[in-house]
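1. missing the sequence, but the structure's below:
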DNA sequence: TATTGTTATACTCTATAACTATA
DNA sequence: TATAGTTATAGAGTATAACAATA
């Protein structure tokens, strides 16, 4: 069993964070950490990270998509996509099928198991997002999304 | 020189992102990536990541701070703080001085060089944040910060 | 007994550069 | 020549568990 001395926390007077809490970048980072933690709580049992979930969603929405195009949509280098896709394929959620008319490429598809798992994951994500929205207050969710998508443009 | 074949991009019809753009978590992640990229552009010459910058800010605001307390404030495990602090100390920006009255602990301080570099970094961060705010529109910066800090509480 | 800092170690995620097979 | 996928490799960044020194 682990040594219980590793989990202790030092308390005491508060530590000043200086200018950090006033920075958008800092608050976005904290929000991301908190969201990631709750996402994990919501989907941990399905063994899906936000990244893998996103890949499944995109493949479902674009049957037969080629890897390069998926990498672009997910903002990954195509080499970074390979291990993620290997994982999903090894779990029987995604298949690399031959792309018609191009023997270099694969067309990606969800398997039946992939469709089923994704359906469960989507429901969990919606619950997670609802919790998140509840903390924000009525109607502020769309506002937050609008503000975020206005940061440094070029995003969707 | 690198093989120029690695930088090419596939274009074509747009790839659908399904439900992703409507998720707060997705938009936060994109915003974070965009912010990180611009932060790097703004502070890259100073060789400071958002994480290292944050550590310097906190140490400056709390002279003599102990490592455990800094780790807590930066939301890092104390073991994760060690390599970051080693880096800052090796660059002559931070010193581990003896903590008065506790021979186990160090008190952290910025060096003169650390103070000077941080001053430059703060100006760069303010410019970076101003660019960010400009994209949002007048007055929306505070609103965004308020919304973000309302996500899953417990943050400051 | 508990805390402070450190180490050894490992894991996730991502990228760069180069390779292969096709086009 | 250019593109699709893969590999080898490396680098951040972080955590867990254990340890010595000290409280």
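-> Happy to help now that I have it. No experiment lies behind these values; they were computed from the predicted model shown.
2. only C-alpha atoms for contact and neighbour calcs from this point on.
-> OK.
3. Would you list the phi and psi of the closest residue in space to residue A:18 that isn't next to it in sequence?
-> Using CA to CA, 6 or more residues apart in numbering or on different chains and skipping the chain neighbours, the partner closest in space to residue A:18 is residue B:61 (5.7 Å). Here is the backbone geometry of residue B:61 (degrees, to the nearest 10): phi -80, psi -10.
4. correct me, but residue B:61 touches residue A:20?
-> No. At 10.6 Å, residue B:61 and residue A:20 do not qualify as touching, with contact defined as CA atoms under 8 Å.
5. Other residues contacting the lengthiest helix in chain A?
-> Scanning chain A for the helix with the most residues, using DSSP state H, yields helix A:112-136. With CA atoms under 8 Å, 6 or more residues apart in numbering or on different chains as the test, helix A:112-136 has contacts from A:35, A:38-39, A:42-43, A:46, A:53, A:56-57, A:60, A:92-94, A:140-141, B:23-25, B:147, B:150-153.
6. Show me which of those residues are buried.
-> A:35, A:38-39, A:42-43, A:53, A:56-57, A:60, A:93-94, A:141, B:23-25, B:147, B:150-152 (16 or more other CA atoms under 10 Å in any protein chain shown).
7. pLDDT weak spots in chain A?
-> Within chain A, the segments meeting pLDDT under 70 span A:1-12, A:153-156.
8. in it, which spans are helices?
-> Under DSSP H, chain A gives helices at A:24-43, A:50-61, A:67-73, A:78-90, A:112-136, A:140-149.
9. can you redo those helices as JSON lines with distance to residue B:133?
-> Formatted as JSON lines, the helices of chain A follow (distance: least, CA to CA, whole Å):
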{"stretch": "helix A:24-43", "distance to residue B:133": "9"}
{"stretch": "helix A:50-61", "distance to residue B:133": "27"}
{"stretch": "helix A:67-73", "distance to residue B:133": "26"}
{"stretch": "helix A:78-90", "distance to residue B:133": "32"}
{"stretch": "helix A:112-136", "distance to residue B:133": "21"}
{"stretch": "helix A:140-149", "distance to residue B:133": "10"}
